[in-house]
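> sequence first, predicted model second:
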Amino acid sequence: MNILIAVAASILLMAFAGLMAATESALSVMSVDDVRALAKLHRSRRALEAIANQPAAHRNVVMFARIASETVVAVVVTAALLTSGLPLWAGLLISIAIMTTASFVLAGSSPRSVGRVRPEGIVAFAAPVVHILRIVLGPLANLLVALGDRVTPGRPGTSAFASEEQLLSMVDEATRHDVLEKDERELIHSIFEWGDTHVREVMVPRIDMVTVEADTSLADAGALFLSSGLSRIPVIGDDTDDIVGVLYLRDVARISLDKKSAPRGASVRSLAHDAVFLPELKKADDALRDMQASSTHLAFVVDEHGGIAGLVTLEDLLEELVGEIRDEFDRGAPEATALADGRYRVAARMHIEDLGELFGLDLDDDEVDSVGGLLAKELDRVPEVGDHVVVSGLHLEADRVEARRGRVTNILVWPDQELLDAQRAFGGDE
C-alpha cells in the first residue's frame, strides 16, 4: 500500500513538474506585452496581469516549484526502492536511472517543447496556479534568489539578451534556419550599426557641396537647380563657412511661373530659409530626430572648430539605414557594362548570382548578396579605389567611388586565365 501511495504521489508530482517546465519555457518566449494582451482575452485576467507586472518573480517561483517537485519525487522513489528489500547499490542505481529518464523526458525536453510551441495556452492554463505559488512560495524563492545573487559574481540581468552581440547572434542563427530572410537580417544589423554611426560618416563633404552665393540672380539659381538635379541648395555669403540659409527649388519655380505675385526685390538671400546646424559627432539617430522636430530636410554639419564640414539630408540618414533610395527621377545606370578589353564594369549593388550568370559561374554566399558586399567581405574592410581580390576565379577591383559619401559604386570584374582555359576546355568537350 505504501508503495502504491508513493507511486501515485510521484506521478502527480512529476506531472506538476512537467507543467512548471512547460510554463517556464512558455514565459521565456513571451514578452510582458504578450502576457498583458493575453490577459484581456482570458478569464484568468487577474493572475495574468500579476505575472505581467512581476515577470521575474513569477519565473523564479515556477523554477523553484519545478525543482522542488523533482527533488521530492527523487526522495520518494529512492526511499521506496530502499525499503523494498533491494541491496543499497541496486536501489540507488535504479533510482538514478528512473529519475534521470523521468526528469529529462517528463519534466525536461517534452514539456519545454510544448511550452515553446503553445506558449499562450500553457501560460493561460497555468496562470492561476503560478499566481498562488507566487503568494505562498514567493518569499522563500526570493530568499534563495538573493542568496544566489550574493554567491554569483556580478548582478544577473532580467533581460533575455545579455548584450547586443548576443541578440545579433540569435538573428544570424534565425537567418540560417530560414526563420528570417537575409534582407530582414541585414536591416536588423543596419539598425544597430546605425545607432553607432556619426553624422560625419554620412554627410556630403564640404568639398562636394553644391552652393549658391547670396547675391546670385534667381535666373542663375534656377539654372543651377536644373543642372545639379537638386531641390535644395545651401546659400553662402563670403565663403562656405558663411551660411546664409537654404534655397528651395519650389520657391524659385513659384516666382518664375508667377512673377506678379513675387515679392518686390526678391533675391536668393531673401528666399533663403533658416539653416539648421548639427555637430559632426552627433549620432545619426539623434540627428534624424532633430531634423524631424525642426521639419527640415537638410542640415549643415559643423566641425570642432565651428567650420562647415559638410551637409546631411534626411535621405542620407535613411539610406544609411535601409540602403539606396531611388525615385522616378533618378537615372539608373546599367548594372553591367562590357568593356573593350574583356572586362566588365558592374554596379556594386549587383547581386552576386547575377554576376555568376554573367560569367557562367554558380556564385553564392550566405553572408552577402551584392558584389560590393563580396569585395568588402574578402578585404575585411570598407573597399577603396584600386582594392583588388580574386574570388572563384574572378578578379574584383574597386573602380569608382561615390563623391557624396566615399562609397564604392562600380567594380571592375574579369576572369583569370585558369577560369578561361577551364571554360574553353569544358566547351570543347561538349
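Arrived safely, thanks for sending. Numbering: from 1, shown residues only.

> any idea which helix or strand carries Ala376?
helix 371-379 (DSSP states H and E).

> report how many residues lie close to the closest residue to Leu180 other than its chain neighbours.
Nearest non-adjacent residue to Leu180, counting by CB to CB, 6 or more residues apart in numbering: Ala174, 4.6 Å away. The C-beta positions use only the backbone N, C-alpha and C, and glycine is treated the same way. Neighbourhood size, Ala174 [other CB atoms under 10 Å]: 15.

> thinking again about what came up before, using PDB, write out the CA atom coordinates for whichever helix or strand comes after the helix holding Ala376.
Downstream of helix 371-379, the first helix or strand assigned by DSSP H and E is strand 388-391. What follows is strand 388-391, C-alpha atoms only, in PDB (Å, rounded to 0.1, in the frame of the first residue of the first chain):
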ATOM      1  CA  HIS A 388      41.700  44.000 -55.700                       C
ATOM      2  CA  VAL A 389      40.700  40.400 -54.700                       C
ATOM      3  CA  VAL A 390      40.200  37.100 -56.600                       C
ATOM      4  CA  VAL A 391      37.000  35.100 -55.800                       C
END
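
> mind listing what's buried in stretch 55-73?
In terms of neighbour count (16 or more other CB atoms under 10 Å), stretch 55-73 has its buried residues at 55, 57-66, 68-70, 72-73.

> actually stretch 347-364, sorry about that
Quick answer for stretch 347-364 (16+ other CB under 10 Å): 347-348, 350-352, 355, 358-359, 361, 363.

> before we move on, back to that, buried residues in the helix or strand where the residue nearest to Leu180 lies?
Per DSSP H and E, Ala174 falls inside helix 164-176. Going by neighbour count (16+ other CB under 10 Å), the buried part of helix 164-176 is 168, 171, 175.

> what's the answer for stretch 213-227, then?
Buried, per 16+ other CB under 10 Å, within stretch 213-227: 213-214, 216, 218, 221, 224-225.

> what about those residues, which are in strands?
Among the buried residues of stretch 213-227, DSSP state E puts Glu213 in strands.

> could you check how far Gly372 is from Val301?
To Val301, Gly372 is 25 Å away according to CB to CB, to the nearest Å.

> which residues touch the residue most central in space within the chain?
Nearest residue to the geometric centre of the chain (CA atoms, centre = their mean): Ile188, 1.7 Å. By CB atoms under 8 Å, 6 or more residues apart in numbering, Ile188 lies in contact with 168, 171, 180.

> helix or strand: which one has it?
helix 182-195.

> which elements pack onto the helix or strand just after that helix?
Next along the chain after helix 182-195, taking DSSP H and E as the criterion, comes helix 199-202. Applying 3 or more CB pairs under 8 Å, 6 or more residues apart in numbering; DSSP states H and E, one finds that helix 199-202 contacts helix 284-293, strand 308-313, helix 314-322.

> and the helix or strand that the longest one is followed by, which strands flank it?
Elements were assigned by DSSP H and E; along the chain past helix 284-293, the next helix or strand is strand 298-302. Strand 298-302 has these partner strands in its sheet, going by DSSP bridges: strand 277-279 (parallel), strand 308-313 (antiparallel).

> so which of those strands is the most packed in?
Highest mean neighbour count among these (mean count of other CB atoms under 10 Å): strand 308-313, with a mean of 24.

> between that strand and helix 284-293, how many degrees?
In terms of direction (axes from the mean of the first three to the mean of the last three CA atoms, to 10 degrees), strand 308-313 departs from helix 284-293 by 70 degrees.

> related to what we said a few turns ago, mind giving me the packing neighbours of the helix holding Ala174?
helix 182-195.

> how far off helix 314-322 does the helix it packs on point, in degrees?
Going by the same axes, to 10 degrees, helix 182-195 is angled at 120 degrees with respect to helix 314-322.

> buried ones in helix 182-195?
Going by 16+ other CB under 10 Å, helix 182-195 has these buried residues: 185-186, 188, 194.

> how about stretch 5-13?
The neighbour-count check on stretch 5-13 (16+ other CB under 10 Å) flags 6, 10, 13 as buried.

> now do it: distance to the chain's middle.
Here stretch 5-13 is found 48 Å from its chain centre; the criterion is CA atoms, centre = their mean, to the nearest Å.

> which residues are contacting it?
69-70, 72-73, 76-77, 79-80.

> give me the pLDDT for Arg345.
Looking at Arg345, its pLDDT stands at 88.

> confirm Leu230 sits in a strand?
No - looking at Leu230 with DSSP: H, G, I helix; E, B strand; the rest coil, it is coil, so not inside a strand.

> list the residues that contact it.
By CB under 8 Å, 6+ apart, Leu230 lies in contact with 210, 249.

> next one: Leu92
Going by CB under 8 Å, 6+ apart, Leu92 touches 78, 81-82.

> for the nearest residue to Val210 once chain neighbours are set aside, give its distance to Gly310.
Counting by CB to CB, 6+ apart, Ser228 is the residue found nearest to Val210 once chain neighbours are left out, at 5.0 Å. Ser228 is 16 Å from Gly310, where distance means CB to CB.

> next one: Leu247
Counting by CB to CB, the gap from Leu247 to Gly310 is 18 Å.

> same thing with Gly108?
59 Å.

> Ala338 now?
Using CB to CB, Ala338 is found at 36 Å from Gly310.

> low-confidence ranges, the stretch 101-250 of the chain, go.
Residue ranges of the stretch 101-250 of the chain with pLDDT under 70: 149, 152-164.

> hmm, back to that, adding pLDDT, write the contacts of stretch 5-13 out as a markdown table.
As requested, those are arranged in a markdown table below (pLDDT from 0 to 100):
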| residue | pLDDT |
| --- | --- |
| Ser69 | 88 |
| Glu70 | 88 |
| Val72 | 89 |
| Val73 | 86 |
| Val76 | 84 |
| Val77 | 82 |
| Ala79 | 83 |
| Ala80 | 79 |
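
> which members of the residues you listed occur in helices, if any?
Within those, residues falling in helices by DSSP state H are 69-70, 72-73, 76-77, 79-80.

> relative to Ala37, which of the residues you listed is nearest.
Ranked by distance to Ala37 (CB to CB), the ones in helices among the contacts of stretch 5-13 are led by Ser69 at 29.7 Å.
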